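**Q** only geometry, no sequence info:
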């Protein structure tokens with residue numbers, strides 16, 4: 001297959017995601033009642049280098065796969081107070097779902113730490129080019145790889161093109177995901193279930209299988225899991241299933257690759273302000289996204305990305321493999 005074929009396949013996959021989303025959007029008739037007045041709650045916790053936005057957000061809903069350029073407020077990914085120190089000097093990383101959200105923030109910090117970056121994504125060209133420019137502003141090289149990670153031929157081609165254009169591959173970040181909630185179990189169609197598994201599990205498998213053929217000893221794979229894979233989610237049955245599978249895959253693959261000197265770990269984020277959620281939730285839900293965490297707000301992508309640097313770098317995580325690191329804004333008691 002040619003690059004044009006892979007790009008067309010990415011566009012078809014994005015359309016398939018929209019086809020799954022549309023009837024669920026049309027059917028869902030929720031009652032979003034205004035909160036009664038009462039005791040004033042404490043504000044969202046702020047413990048970062050700069051303040052981060054908290055609910056309520058503007059009501060908004062997007063068609064899949066979602067656009068960071070259309071998200072309000074814009075996700076905070078550039079981490080201006082994070083100083084690079086060469087933790088990934090002269091490494092090459094391939095990041096799936098790197099056009100926006102967590103993937104974009106990881107790409108920027110990897111570049112700040114000295115890595116060149118291959119940006120894999122479906123068809124969100126505007127967002128992907130923004131990520132490419134952000135990487136180049138850090139003084140590193142970036143290439144764009146549109147296509148569908150569910151296709152094993154794409155995974156093989158993406159790895160080959162990364163090596164061809166950037167010289168090698170040291171780090172794989174499996175991050176691309178499909179998420180679409182259902183409020184009734186019977187609304188989870190075989191096509192919907194299949195798309196979730198193909199993207200979230202098959203995609204990770206295909207990318208890892210292609211990458212381990214070229215990642216040298218001392219390299220790393222970092223997978224994106226989720227709090228839903230730890231705690232479950234009643235409206236994300238299929239998504240939670242895949243994220244739990246990713247955690248198990250991480251631990252199993254880590255053991256399998258010890259002899260090759262490749263470490264495998266996962267980050268399990270809680271709610272993060274990215275296009276994934278407005279392209280899933282209805283607008284009133286988006287307005288309150290992250291409000292139920294103990295910190296009473298979602299994370300911004302730049303708050304999650306340093307964990308990927310930590311797990312990818314041989315300077316900071318050389319004795320860490322098979323771990324799942326939750327970053328969920330605290331645990332609710334009871």
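**A** In hand now; what should we look at? Please read all numbers here as calculations on a predicted model, not as lab measurements.
**Q** wait, what's in contact with the most centrally placed residue in the chain?
**A** Residue closest to the average C-alpha location in the chain (Cα atoms, centre = their mean): residue 175, at 4.0 Å. Counting by Cβ atoms under 8 Å, 6 or more residues apart in numbering, residue 175 makes contact with 95, 96, 97, 98, 102, 103, 106, 223, 224. C-betas here are computed from N, CA, C, even on glycine.
**Q** let's have the residues you listed in JSON lines, adding neighbour count and pLDDT.
**A** Compiled in JSON lines, the contacts of residue 175 are given as follows (neighbours: other Cβ atoms under 10 Å; pLDDT from 0 to 100):
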{"residue": "95", "neighbour count": "30", "pLDDT": "98"}
{"residue": "96", "neighbour count": "27", "pLDDT": "98"}
{"residue": "97", "neighbour count": "28", "pLDDT": "97"}
{"residue": "98", "neighbour count": "32", "pLDDT": "97"}
{"residue": "102", "neighbour count": "30", "pLDDT": "98"}
{"residue": "103", "neighbour count": "30", "pLDDT": "98"}
{"residue": "106", "neighbour count": "32", "pLDDT": "98"}
{"residue": "223", "neighbour count": "25", "pLDDT": "98"}
{"residue": "224", "neighbour count": "27", "pLDDT": "98"}
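**Q** next up, the contacts around residue 57.
**A** Taking Cβ under 8 Å, 6+ apart as the test, what residue 57 contacts is 72, 73, 286, 287, 288, 289.
**Q** could I get the full set of helices for the stretch 151-300 of the chain?
**A** Taking DSSP state H, counting those that start in this stretch, the helices of the stretch 151-300 of the chain run over residues 152-166, 190-197, 203-211, 228-231, 237-256, 283-287.
**Q** returning to what we had before: show me how to select, in PyMOL, the buried members of the contacts of residue 57.
**A** Of these, the buried ones go into a single PyMOL selection, burial set by 16 or more other Cβ atoms under 10 Å:
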select buried, resi 286+287+289
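**Q** for the contacts of residue 57, which one is nearest residue 56?
**A** Proximity of those to residue 56 (Cβ to Cβ) peaks at residue 287, which lies at 4.7 Å.
**Q** quick one: the closest one from residue 306, how far?
**A** 28 Å (Cβ to Cβ, to the nearest Å).
**Q** again, but for residue 273
**A** Per Cβ to Cβ, residue 273 is found 16 Å from residue 306.
**Q** and those two? which has more neighbours close in?
**A** A direct count of neighbours by other Cβ atoms under 10 Å for residue 273 and residue 306 places residue 273 higher, at 27 against 16.
**Q** pLDDT value on the spatially closest residue to that one that is not a sequence neighbour, please?
**A** In space, and not counting its chain neighbours, residue 273 is closest to residue 298: 4.7 Å by Cβ to Cβ, 6 or more residues apart in numbering. pLDDT, residue 298: 96.
**Q** tell me how many other residues crowd residue 298.
**A** If you count neighbours by other Cβ under 10 Å, residue 298 ends up with 26.
**Q** what's the answer for residue 202, then?
**A** Neighbourhood size, residue 202 [other Cβ under 10 Å]: 17.
**Q** so it touches residue 150, yeah?
**A** Yes - taking contacts as Cβ atoms under 8 Å, residue 202 lies within contact range of residue 150: 5.2 Å.
**Q** what sits against residue 107?
**A** With contacts defined as Cβ under 8 Å, 6+ apart, residue 107 is in contact with 93, 95, 98, 117, 119, 131, 134, 135, 142.
**Q** same question for residue 229.
**A** Applying Cβ under 8 Å, 6+ apart, we find residue 229 in contact with 240, 242, 243, 244, 245, 246, 247, 268.
**Q** run the last query once more with 10 Å
**A** 200, 236, 239-248, 266, 268, 324, 326 (Cβ atoms under 10 Å, 6 or more residues apart in numbering).
**Q** between the contacts of residue 107, which is nearest residue 80?
**A** For these, the residue nearest residue 80 by Cβ to Cβ is residue 134; the value is 12.1 Å.
**Q** how far away is the residue nearest to the centre of the chain from residue 24?
**A** In this structure, residue 175 and residue 24 are 24 Å apart, going by Cβ to Cβ.
**Q** from the chain's centre, how far out does the longest helix seen in the chain sit?
**A** The longest helix of the chain (DSSP state H) is helix 3-27. Offset of helix 3-27 from its chain centre (Cα atoms, centre = their mean, to the nearest Å): 18 Å.
**Q** same question, stretch 208-222
**A** Centre-to-centre, stretch 208-222 and its host chain are 19 Å apart (Cα atoms, centre = their mean).
**Q** next one: stretch 226-244
**A** The gap between where stretch 226-244 is centred and where its chain is centred comes out at 14 Å by Cα atoms, centre = their mean.
**Q** just the buried positions in that stretch, please.
**A** For stretch 226-244, the neighbour count (16+ other Cβ under 10 Å) marks 226-230, 235-244 as buried.
**Q** again, but for stretch 317-330
**A** Within stretch 317-330, the residues scored as buried using 16+ other Cβ under 10 Å are 317, 321, 322, 323, 324, 325, 326, 328, 329.
**Q** one more: stretch 50-58?
**A** By 16+ other Cβ under 10 Å, the buried positions in stretch 50-58 come out as 52, 53, 54, 57.
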